[in-house]
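Q: Got a predicted model here, sequence first, then my questions.
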Amino acid sequence: MGSGGMPSSHTALVVGLTTAVGLKDSVDSSLFALCLVFSLVVMYDATGVRLQAGRQAEVLNQMILELPQQHPVSDTRPLRDSLGHTPVEVGAGAMVGVVIGWLHYSMWITQWGP
């Protein structure tokens, strides 16, 4: 329910969508290309920008802990530091997404046909 952790739920969602669209509309469709680019942007953001922001929050939290008690920001709430994902967490999310997308497509075909 929060950000960070194993596996990346954001990655699983977008890769599941991309897989289902690729199976239903083919990988030659423009909709699949749009979903693929969207998935890549989400995965890049999770492992790049958000991961680095989380690491910066860790450093800032440590700096705040080392401030003297009389400093104006010494009693502030700690920053959230579990914002992004490691590449392994994103890879696991991608695998979960492929499986979920394939299962969704399989159930769709079984129930409603091609």
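A: Structure received.

Q: who's in contact with the residue located most distally from the centre of the chain?
A: In the chain, Q70 marks the outermost C-alpha relative to the chain mean, sitting 39.2 Å out by CA atoms, centre = their mean. Going by CB atoms under 8 Å, 6 or more residues apart in numbering, Q70 touches no other residue. All C-beta atoms are positioned from the backbone trio N, CA, C, and that covers glycine.

Q: so where is this structure shaky, pLDDT-wise?
A: Scanning the chain with the threshold set as pLDDT under 70 gives 1-5, 80-84, 112-114.

Q: Please, where are all the helices along it?
A: 9-25, 30-47, 49-65, 87-112 (DSSP state H).

Q: Deepest-packed of these, please.
A: Highest mean neighbour count among the helices of the chain (mean count of other CB atoms under 10 Å): helix 9-25, with a mean of 21.

Q: Packing partners of that helix?
A: In this structure, helix 9-25 packs against helix 30-47, helix 87-112, with contacts taken as 3 or more CB pairs under 8 Å, 6 or more residues apart in numbering; DSSP states H and E.

Q: could those go into a markdown table alongside distance to G16?
A: Shown next, in a markdown table, are the helices and strands packed on helix 9-25 (distance: least, CB to CB, whole Å):
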| stretch | distance to G16 |
| --- | --- |
| helix 30-47 | 9 |
| helix 87-112 | 4 |
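
Q: what's the closest of those helices to L23?
A: Minimum separation from L23 across those (CB to CB) falls at helix 87-112, 4.2 Å.

Q: Show me what that closest one is packed against.
A: On the basis of 3+ CB pairs under 8 Å, 6+ apart, helix 87-112 makes packing contacts with helix 9-25, helix 30-47.

Q: Fine by me, we can end here.
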